[in-house]
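[1] model this:
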Amino acid sequence: MDKIIFDELTWINIEDVTEKDTDYLREEFKVHPLDINDCLGAPQRPKIDLYDDYFFLVLRFPYFDAKKVFIRSSDLDIFVFKHVIITVQNKPITIVHDLFNGVKKGK
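    Take a look at the predicted model:
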């Protein structure tokens, strides 16, 4: 888990999500249990769930599996609160990883 704070906005990026990470989401942000299950579980369909305090998005990103010479997809789970954005990935998604690290380095 890594964090960028810029003025009033915080971006928390979680790669290789663990139960410790989801416990943090549950305790610190009161995230709905079904959203926690989506972060840890099997691939989900793209969706948006709206709540009073936040909304939850699931997006699918394609990637090339070089071992099997096959295009697969991976989930990107996003929580959007008033001043916090949280991205959650079961395995790092290159474009999100690179974007986060570029912003962190100020590029």
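[2] Which parts of this structure are helices?
    Per DSSP state H, the chain carries helices over the ranges 19-29, 33-40, 94-105.
[3] So for S74, which of the ones you listed sits nearest?
    Closest approach to S74 among the helices of the chain is made by helix 94-105 (9.7 Å; C-beta to C-beta). (Glycine included, C-beta is placed from N, CA and C.)
[4] Can you give the distance of that closest one from its chain's centre?
    Centroid separation between helix 94-105 and its chain, computed with C-alpha atoms, centre = their mean, to the nearest Å, is 13 Å.
[5] Quick one: mean pLDDT for it?
    For helix 94-105, the mean pLDDT works out to 89.
[6] buried set for that helix?
    For helix 94-105, the neighbour count (16 or more other C-beta atoms under 10 Å) marks 96, 100 as buried.
[7] which outside residues touch it?
    Contacts with helix 94-105, where a contact means C-beta atoms under 8 Å, 6 or more residues apart in numbering, come from 2, 4, 11, 13, 15, 61, 63, 76, 87, 89.
[8] In PyMOL, how would I select the buried members of those residues?
    Restricted to buried positions by 16+ other C-beta under 10 Å, the PyMOL selection for the contacts of helix 94-105 reads:
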select buried, resi 11+13+15+76+87+89
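[9] could the contacts of helix 94-105 go into a markdown table alongside pLDDT?
    Formatted as a markdown table, these follow (pLDDT from 0 to 100):
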| residue | pLDDT |
| --- | --- |
| D2 | 91 |
| I4 | 93 |
| W11 | 96 |
| N13 | 96 |
| E15 | 92 |
| F61 | 84 |
| Y63 | 76 |
| L76 | 93 |
| T87 | 96 |
| Q89 | 90 |
